[in-house]
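Asks: give me a model of this one.
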Amino acid sequence: MKSLRIPLTFCAVVLAVWFAHAMDARAKQQHPRKSAAAPFQEALPLGTSRADVEKYLEDRGMRYSAAWDSTRGSWSEVVEAGKDTARCGSQTIFVDLEFESSNPSADNKPDPADRLKHVAASSSPCA
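Replies: Below is the predicted model:
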């Protein structure tokens with residue numbers, strides 16, 4: 001029994017170190033996206049009108065484009081927020097400002113009265 005204690009302890013320590021490293025790597029991977037969305041989440045409370053969101057973006061010289069998400073049935077404003085070179089070359093970080101549409105259809109244009117529903121960041125696939 002004593003002869004198994006040392007190898008089992010060694011395996012437990014190696015496993016704990018590997019797990020801690022994996023969690024740290026995952027946290028670093030998520031950090032650029034979270035920090036990209038934070039300024040938008042602070043400045044634009046949920047429920048803000050699309051017109052006010054667009055004014056906020058234009059006042060700061062940010063380029064954005066409207067995108068229809070067919071899976072969610074909603075319009076979003078997509079903003080390029082920066083680059084992330086830490087993970088796998090260069091990835092573009094995007095902030096997605098999703099709106100609750102008053103008339104949700106891809107055939108309709110985004111309405112200035114739509115209300116901000118969700119703010120999230122994503123990144124492009126690895127190059």
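Asks: C-alpha only now, for contacts and for neighbours.
Replies: Will do.
Asks: residues contacting residue 115?
Replies: Residue 115 sits next to 46, 47, 48, 49, 50, 99, 100, 101 when contact means Cα atoms under 8 Å, 6 or more residues apart in numbering.
Asks: what about it, distance to residue 73?
Replies: Note on residue 115: its distance to residue 73, by Cα to Cα, to the nearest Å, is 14 Å.
Asks: list the contacts for the closest residue to residue 66 other than its chain neighbours?
Replies: Among residues not flanking residue 66 along the chain, residue 77 sits closest, at 4.6 Å (Cα to Cα, 6 or more residues apart in numbering). With contacts defined as Cα under 8 Å, 6+ apart, the neighbours of residue 77 are 64, 65, 66, 67, 96, 97, 98.
Asks: most neighbours out of the contacts of residue 115, which is it?
Replies: Ranked by the number of neighbours (other Cα atoms under 10 Å), those place residue 99 first, at 26 neighbours.
Asks: tell me the secondary structure of the closest residue to that residue other than its chain neighbours, please.
Replies: Ranked by Cα to Cα, 6+ apart and with sequence neighbours excluded, the top spatial neighbour of residue 99 is residue 116, at 4.4 Å. Using DSSP: H, G, I helix; E, B strand; the rest coil, the three-state assignment for residue 116 comes out as strand.
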